[in-house]
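Peer 1: Using only what follows, build the 3D model:
(2 chains)
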Protein chains: 2
Amino acid sequence: MPDAAVRPVPAPASPTAGALGVLRPLGLDAARITGGLWAARQEANRRASIPAGAEQLDRAGNLRNLEILAGETQGEAIGPVFADSDVHKWLEAAAWELGRGEDERLACLQRRVTDLLARAQADDGYLDSVVQLRENERYRELPWSHELYCAGHLFQAAVAQVRATGSRELLDVATRLADHLVATFGDGRPGLGDREDVDGHPVVETALVELYRETGTRAYLDLARYFVEARGHGHMERYGAEPTYFSDRLPVRETPHPEGHAVRAVYLGAGATDVAVETGDTELLAALERQYAAMERSQQYLTGGLGSRWEGESFGDPYELPADRAYAETCASIGGVQWAWRLLLATGEARYGDQIERMLLNGFLSGLSLAGTEYFYVNPLQLRADAEPEENRSPAHGRRGWFDCACCPPNIMRTLSSLTAYLATRTDAGLQIHQYAPGPISSDGLSVRVETGYPYDGRVVVHVDEVPGRPVEIALRVPAWAEGATLDGAPVAAGGYARTTGLLAAGDTVDLVLPMAPRLTTADARVDAVRGCVAIERGPLVYALEQPDQAAGVVVDDARLDPDETITVERRDDLLGGTTVLRARGRVVRAPDGAARAPYRPLGDAVPTDGGDDERDVELVAIPYHLWANRGPQPMRVWIPLA
Amino acid sequence: MPDAAVRPVPAPASPTAGALGVLRPLGLDAARITGGLWAARQEANRRASIPAGAEQLDRAGNLRNLEILAGETQGEAIGPVFADSDVHKWLEAAAWELGRGEDERLACLQRRVTDLLARAQADDGYLDSVVQLRENERYRELPWSHELYCAGHLFQAAVAQVRATGSRELLDVATRLADHLVATFGDGRPGLGDREDVDGHPVVETALVELYRETGTRAYLDLARYFVEARGHGHMERYGAEPTYFSDRLPVRETPHPEGHAVRAVYLGAGATDVAVETGDTELLAALERQYAAMERSQQYLTGGLGSRWEGESFGDPYELPADRAYAETCASIGGVQWAWRLLLATGEARYGDQIERMLLNGFLSGLSLAGTEYFYVNPLQLRADAEPEENRSPAHGRRGWFDCACCPPNIMRTLSSLTAYLATRTDAGLQIHQYAPGPISSDGLSVRVETGYPYDGRVVVHVDEVPGRPVEIALRVPAWAEGATLDGAPVAAGGYARTTGLLAAGDTVDLVLPMAPRLTTADARVDAVRGCVAIERGPLVYALEQPDQAAGVVVDDARLDPDETITVERRDDLLGGTTVLRARGRVVRAPDGAARAPYRPLGDAVPTDGGDDERDVELVAIPYHLWANRGPQPMRVWIPLA
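Peer 2: Here you go, the predicted model:
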């Protein structure tokens, strides 16, 4: 970051000075991750994911659609209606990445794609290559056309580009398109158009607010507010579409918990939160906090994953959380992080930091291979030995290089490229560190260096290098799971922030210790799918049994865990890029296939056996959930029945 | 049945004399059900379901499509591509019903619809009204067009009509269409066409075999065999379709267990069994027996329901059997009964009789309201209190009068109209009774009357009214669950047939007693979804807790059952048309919603409470599963956690 000092880089989701909010984000350049798990993932993202992503976009035809419109080639549109959005998400990732450090090849590609978009744009600002090439009519079927969805991702990419690189070229494309949207959509209120409608897939809401933040154009905020308030008023039903899927059954402020398509729902939650804080709408903000809490209480997987149904890629009913058929789309975790981040800024409550940590380190990270070039769309908490791979997205295939619906891969890229945004915030009182990774953080004259082996090691040492000419504090998030944590040796409460007291001086160190003993976790009885099971967690990581780590004959499907035996911790630098494995005691139990015709039998009947060796004591070896399927698709389970 | 004696009515699925098989079906006129549960259901079917079904077909446009083709009106095709099949299934129901007794209004309607079909048929025999009206090209996209599926249901209706009423009009339509298919499809072997292809939705296989049985036209059997053998050879993939859904991933004889769309898979199983027995293909028959056993062992619900995924209405992986998201389509139970019946005839094994009983009395019958006019498409084993009704099929709506995809209602109608087919069979040795219902059965000079209150009462008395002039036996199925059964006071083994010994004479009675004590049933540990739960069964009936029967404050979602307490049995003539309820002891346990933010907590942590009254001893009242949702959609569960 040679020029970080001269050109500050506002992070994604940077509220204006007048917005509601307890915490303020730092610039993206205010922090760096210099080692450990996240540095390795950011490096793979930069070196492997983003370059391979450009090739995949080329191969899948996304770029060709733009080339046709730019007059460079001829042909028909290729790919799904939302093809442009993957280009935009990739561009956003490239922008944040260029903000983190120069890369001539990437910069060149970025200019090329930006130029294509500028030339593909219609004279009146409209831009959606598939609709331009394939349809006669714009906005013909908004439940499915994704036109505003694509626009939203373009806005986010443009904001990233100007913030991270200073280039305004994409921003010009974005504002022309946004001005066109402002002139088209709205309820006729001054400054907006009069077409009353919403897109079937939210994201334009949060993107318009960001564009407002970057440009100061109030109409973008007004349009975002219109789109949020217009939901739940029958727009999807006018097209004959069932409204639940589109988060259009109820107005946002009356929705008790997210429902329908999970990514749609959490993107809308994030966008509505942006609108609430920028318009000072405390009632809307409170409704969104309630909605988020209901989701966390009854609709979220232990991994942070969101969405329990394949059918409609959707949230299930409360407490419907099957491990095997968990959908938990990678994009839903990303949307969940975005929503939680906005609520963290708005409320200052550590619980949202806990949420971000849980999602990032588990249900999000599982979406990406260690090498950075293969992806899960769907992130179940169990894969059986005899699972049959079916369609493209099926986890039984293992991670894949790309998808027909390729929303997840570039979404992961942009998240990793902007990951430092989520580390810390500031207030007048000082600095709050929410996520722990080694590296420098500086803000308002306070400069610190974080030293930690987190998430594998629980010790977080903050070295104070520079202090401003006024008293400041450092607040460190103590996760709710961290009972027994200490700050500089003194006990601190779990589920909140531990704060330094007294005057900080350069040369000071602050020493947070989070307890890293393995924990056994159970679920509420209403989570029928995992009754009688425990999961193993250690620190912020959810663990899983995966087949390759087990001794011969220990079939993961049949494992049962003995909760009274000690779980041992072993660092394994040789395994999966370096990780920490946990060793538990348990049993394997299986009724031989041939013994019973039906899987049902009278209570109390002995399990049929075929020789007495069907049950024995074994060691069970667990790895972090996010590392599974890096050795091909393998039987795996997070929830383990009790022995 | 005034003319039953003069015109025998072969049942559906009546193998030819040369076919493989241990048991032979009786004619439909050889048995009657004169009382009890099934008589009431047959009566509702005749008086309510079938007349209302004709109105629904009229309202939904299915008949109008035919009227357009017949030149009676003008317009475009309405409804899904398989619209004709619902007409055909209704016609089949009407035919069997007319075989059971005269009904002038129904006969008139039957003639009218038959006439419409005859006039709608193309000159070369082709008939599919939606394709004729909507498409330019026949057989353009067989994975989805359902053209042979519709043909199959027409054949079944035609066979029913000629068998039950003697009318050959529909049979003429059917044979013209079948001859067209024979000339079109096949691998060029003598007598068949040369278009190598299969329909995306099986049923034509079993229907062609029946048409062969009725007409003696060998080409119909040859074409059925071709369709069975052609599966698993890439036909669906040629259209770009994923083959698993269509039972087209593997050849039938190499398929280890059914997969993909459940109704497709079990219809194919039934058709392949028909082909196997009529062609003497013992290898194919053995493969189908293995397939069925694998399905029963790991893919079937306790209710007999088949298909655990909404996504693709499909079978899940083995042991993936969620109670809440069970799909268990009513049609899949019907297809399951058809397949099991064919395997019962082929093998004579009582286990298939058990299967038919389980499906008919539980997962099939739950598809129909007591009044006979409302239907479930999807038959879950759990509905939570806060389940959100979504699409048309969602059980949270309760049963519905009809569906956009209306396959299930007329499928139920034809099954109830031909139900007596499944009661008994014959061999040279005598009569086998597989399903117990009161009424007369006669075959080969042996006439008996069954007297029983089954399935609520376990005593089955068979009165012998007439015997032939040779020694015969009566074999009575003793279900596998019936440990402790007696025949004429002597113990008989469960899971087989109890047979009379010695010479039977007119005036004899045979007295079978099946034990009717309530049973607690558990599932194999691999059925993760119901770990730690029991289900209550009594006799052949699976029971369920439904909210309206519980005392105030006993929320079904939170019920836990104490397995050590006695379950009491109470006859309730006032309830749900007369039923037997079971009373168990248990508890309700709920962690108050406000107490925890997340549903996960450390093992051993006390359940958070908000005043100490969150757990208490209660009575739990269970009703037969098939009766649920006759008082509106209500919280329900079959699998109850142990206290």
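Peer 1: pLDDT below threshold where in the stretch 1-150 of chain A?
Peer 2: Counting by pLDDT under 70, the stretch 1-150 of chain A has low-confidence residues at A:1-7.
Peer 1: just to confirm, which helix or strand has the residue of it found nearest chain B in it?
Peer 2: At 14.6 Å from chain B, A:Pro143 is the closest residue in the stretch 1-150 of chain A, using CB to the nearest CB. No exception for glycine: its C-beta is placed from N, CA and C like everyone else's. Using DSSP states H and E, A:Pro143 sits within helix A:142-145.
Peer 1: Can you name the element that comes right after that helix?
Peer 2: Next element after helix A:142-145 (DSSP H and E): helix A:147-165.
Peer 1: Now do that next one: which elements does it pack against?
Peer 2: Counting contacts by 3 or more CB pairs under 8 Å, 6 or more residues apart in numbering or on different chains; DSSP states H and E, helix A:147-165 is packed against helix A:83-100, helix A:104-120, helix A:169-184, helix A:204-215.
Peer 1: Go through these and name the closest to B:Glu137.
Peer 2: helix A:83-100 (30.0 Å; CB to CB).
Peer 1: measure the residue most central in space within chain A to A:Leu148 for me?
Peer 2: Centroid check for chain A by CA atoms, centre = their mean gives A:Ile334 as the closest residue, at 1.8 Å. Distance, A:Ile334 to A:Leu148, by CB to CB, to the nearest Å: 19 Å.
Peer 1: Repeat that for A:Ala287.
Peer 2: Counting by CB to CB - A:Ala287 and A:Leu148 are separated by 23 Å.
Peer 1: next one: A:Ala164
Peer 2: Distance from A:Ala164 to A:Leu148, by CB to CB: 24 Å.
Peer 1: more neighbours, those two?
Peer 2: Using other CB atoms under 10 Å in any protein chain shown, the more surrounded residue of A:Ala164 and A:Leu148 is A:Leu148, with 28 against 25.
Peer 1: Run through the residues that contact that one.
Peer 2: A:Leu142, A:Leu181, A:Phe185, A:Val198, A:Asp199, A:His201, A:Val203, A:Val204, A:Phe227 (CB atoms under 8 Å, 6 or more residues apart in numbering or on different chains).
Peer 1: these two touch, right, the fifth one and A:Cys150?
Peer 2: Right, the one you point to is A:Asp199. No. Counting by CB atoms under 8 Å, A:Asp199 stays clear of A:Cys150, with 9.2 Å between them.
Peer 1: Kindly provide the distance from the closest residue to A:Tyr377 other than its chain neighbours to chain B.
Peer 2: Using CB to CB, 6 or more residues apart in numbering or on different chains and skipping the chain neighbours, the partner closest in space to A:Tyr377 is A:Arg393 (4.3 Å). According to CB to the nearest CB, to the nearest Å, A:Arg393 and chain B sit 10 Å apart.
Peer 1: Contact partners for A:Arg393?
Peer 2: By CB under 8 Å, 6+ apart, A:Arg393 lies in contact with A:Tyr377, A:Val378, A:Phe403, A:Cys405.
Peer 1: Please apply the same query to A:Ala493.
Peer 2: A:Val478.
Peer 1: Could you look up the SS state of it?
Peer 2: The three-state label given to A:Ala493 by DSSP: H, G, I helix; E, B strand; the rest coil is coil.
Peer 1: Tell me how far it lies from chain B.
Peer 2: On the measure of CB to the nearest CB, A:Ala493 and chain B end up 15 Å apart.
Peer 1: so what's the backbone phi/psi at that residue?
Peer 2: Recorded main-chain torsions at A:Ala493 are phi -70, psi 140, according to degrees, to the nearest 10.
Peer 1: Next one: it, what pLDDT does it get?
Peer 2: pLDDT for A:Ala493: 98.
Peer 1: now A:Glu210
Peer 2: Per-residue pLDDT puts A:Glu210 at 98.
Peer 1: Now do it against A:His180, distance only.
Peer 2: 18 Å.
Peer 1: Those two: which is more packed in?
Peer 2: Neighbour count, other CB under 10 Å: between A:Glu210 and A:His180, A:Glu210 has more, with 28 against 19.
Peer 1: who touches the more buried one in this structure?
Peer 2: Counted by CB under 8 Å, 6+ apart, A:Glu210 has contacts A:Pro12, A:Ala13, A:Ser14, A:Phe155, A:Gln156, A:Val159, A:Asp274.
Peer 1: Looking at those, state which has the most neighbours.
Peer 2: A:Phe155 (32 neighbours).
Peer 1: buried ones in stretch A:456-470?
Peer 2: By neighbour count on 16 or more other CB atoms under 10 Å in any protein chain shown, the buried set for stretch A:456-470 is A:Tyr456, A:Asp457, A:Gly458, A:Val460, A:Val462, A:Val464, A:Val467.
Peer 1: cool, and stretch A:173-182?
Peer 2: Of the residues in stretch A:173-182, A:Val173, A:Ala174, A:Thr175, A:Arg176, A:Leu177, A:Ala178, A:His180, A:Leu181, A:Val182 count as buried by neighbour count, 16+ other CB under 10 Å.
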